[in-house]
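S.K.: from the sequence below, what's the structure:
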Amino acid sequence: MLLEEMAAGTVEALIGRAPEFYGPGKTKSWSNVLVFDRIRAGKRPFVPVSASTRRSLIWTPDAGRALALLGNTPDAFGQTWHLPIDQNRLTYRQMIEIASQVTDRKIRYTVLPRAAFVAGARFVPALREANELLPRYRGDNLFDTSRFAERFPDFRVTSYRRGIEEILTQS
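M.R.: Below is the predicted model of the structure:
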């Protein structure tokens, strides 16, 4: 409906699409809740479905800056944009290796198989909804942001390493 109105010129808008968020503070995402928050708490992280598939995550402050930039760019309106991410797409295994370096401790993790989410959905309503997202975790999730990078070449994204460092060292 919005796309139709944008195309008809009756609504002046743009759409900013993003992959899963990760970031400082109270960012709610599977990566934060299952992996980074647990590492910060000194607990074993849980990796959803696979530790070896590449992930596309967006640093929440980068998402905010990108949306502000788009909203202040008149020729960006009437289009759908994929918000910028670090193009060095890592696996959860690699992210946990970075976390091990940052915390200076060996971090072991547990991969939660799809069956664990399906079984848990019987008892936890949030897991019922999460089942729709599970296919994204079985294979590489590669979010193409090249169009944004071409249009805004000076926009700097936060590297996964820097983001993980900030999450794990925040007070």
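S.K.: could you say what helices and strands the lowest-mean-pLDDT helix or strand in the chain packs with?
M.R.: Lowest by mean pLDDT, DSSP states H and E among the helices and strands of the chain is helix 125-130, with a mean of 71. Using 3 or more Cβ pairs under 8 Å, 6 or more residues apart in numbering; DSSP states H and E, the elements in contact with helix 125-130 are helix 114-120. All C-beta atoms are positioned from the backbone trio N, CA, C, and that covers glycine.
S.K.: mind checking how far the helix it packs on is from the chain centre?
M.R.: Distance of helix 114-120 from the chain centroid (Cα atoms, centre = their mean, to the nearest Å) equals 22 Å.
S.K.: I figured residue 158 hits residue 84, correct?
M.R.: No. Contact criterion Cβ atoms under 8 Å: residue 158 and residue 84 do not qualify, at 9.7 Å.
S.K.: the more surrounded of those two?
M.R.: Using other Cβ atoms under 10 Å, the more surrounded residue of residue 158 and residue 84 is residue 84, with 25 against 21.
S.K.: dump stretch 18-34 to CSV, keeping only the CA atoms.
M.R.: The C-alpha coordinates for stretch 18-34 follow below in CSV (Å, rounded to 0.1, in the frame of the first residue of the first chain):
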residue,chain,number,x,y,z
ALA,A,18,17.8,-3.3,7.8
PRO,A,19,18.9,-6.8,8.7
GLU,A,20,19.1,-7.9,12.4
PHE,A,21,20.2,-5.2,14.8
TYR,A,22,23.0,-5.4,17.3
GLY,A,23,24.3,-2.7,19.5
PRO,A,24,24.8,-1.0,22.8
GLY,A,25,22.4,-0.5,25.6
LYS,A,26,19.0,-2.2,25.4
THR,A,27,19.1,-3.3,21.8
LYS,A,28,16.8,-6.3,21.5
SER,A,29,17.8,-8.9,18.9
TRP,A,30,18.7,-12.5,19.0
SER,A,31,22.4,-11.7,18.6
ASN,A,32,22.3,-9.3,21.6
VAL,A,33,20.1,-11.4,23.9
LEU,A,34,21.5,-14.9,23.1
